[in-house]
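Undergrad: sequence and predicted structure below; questions after.
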Amino acid sequence: MNIDYELISKNLNKNNINTSFVATKDKVLDEILKLIQENSSVYTGGSSSLIECGVIDFFRNSVKYDFHDRSSKNITSLEKDKISKEAFTSDCYLASANAITISGQIYEVDNIGNRVAAIMYGPKKVILVVGRNKIVETLNQAVERVKSIAAPKNTSRLNRETYCKKHGKCFMTTCDTENLMTVPAGTCPNTICSSSTIFSYQYIPNRLHVILVDEELGY
């Protein structure tokens, strides 16, 4: 798909969502640091995109920011939960999106819900790093992208025994936005697609910022 980043940015801006564009992933960190003051408290949601851009490693090793590492292998489940809840009072929250439409809507699917909740409310600033592979034309395509690409890859990474891990796609791949929230009860007890949210407008000015990257990133 030939992506018109200028049009996407314009539509996101109309929805009170700030944007910037970088051609390659090695430019992402510089763009993020333009938006965060030193000594800020920084939290993250689970994001392969941030890992691929070197963002997580940078903040883990930096003394200039108050970084809270939810994905560290050295913390307990209770500590992880504590960090997830503290994120709501943070100066900055870093994450990615599952998909963004040409018309400027952000589509997010979450397991526990901490990432979607923090993007929605709490942190003073939220920065989403989004690769070109997550740009879609419609919300229906956003749903299909999660069910046929993002969820199967993430369930494999997390070793969750789901239908999509075994078959490479969700059993409801053909569902659309009208029945997005109506997956039959009990059909996927190990699902990571517990919560689906469409961000169509940001009420607080300058809170939500999307960095569009002209490379494939994450799932």
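TA: Alright, I've got the coordinates. Values in this document were obtained by computation on a predicted structure and should not be read as measured data. Numbers count the residues shown, from 1 in each chain.

Undergrad: show me the shaky parts of the protein.
TA: Counting by pLDDT under 70, the chain has low-confidence residues at 151-159, 161, 163-168, 171-187, 192-193.

Undergrad: go again with 80.
TA: 1, 73, 149-195 (pLDDT under 80).

Undergrad: and the strands in it?
TA: Assigned by DSSP state E, the strands in the chain fall at 18-22, 41-44, 66-67, 92-95, 99-101, 106-110, 125-131, 135-136, 195-199, 208-213.

Undergrad: which outside residues touch the first one?
TA: Okay, so that is strand 18-22. For strand 18-22, the surrounding residues in contact (CB atoms under 8 Å, 6 or more residues apart in numbering) are 5, 8-9, 12-13, 28, 31, 206, 208-214. Bear in mind the C-beta positions are built from the backbone N, C-alpha and C, glycine included.

Undergrad: so which of the strands of the chain gets nearest Leu78?
TA: strand 41-44 (16.7 Å; CB to CB).

Undergrad: ok, the closest one: who's next to it in the sheet?
TA: For strand 41-44, the paired strands and their directions (DSSP bridges) read strand 66-67 (parallel), strand 92-95 (parallel).

Undergrad: thinking again about what came up before, out of the contacts of strand 18-22, which comes closest to Gly113?
TA: Proximity of these to Gly113 was ranked by CB to CB; the top entry is Leu208 with 17.9 Å.

Undergrad: perfect, I'm done here.
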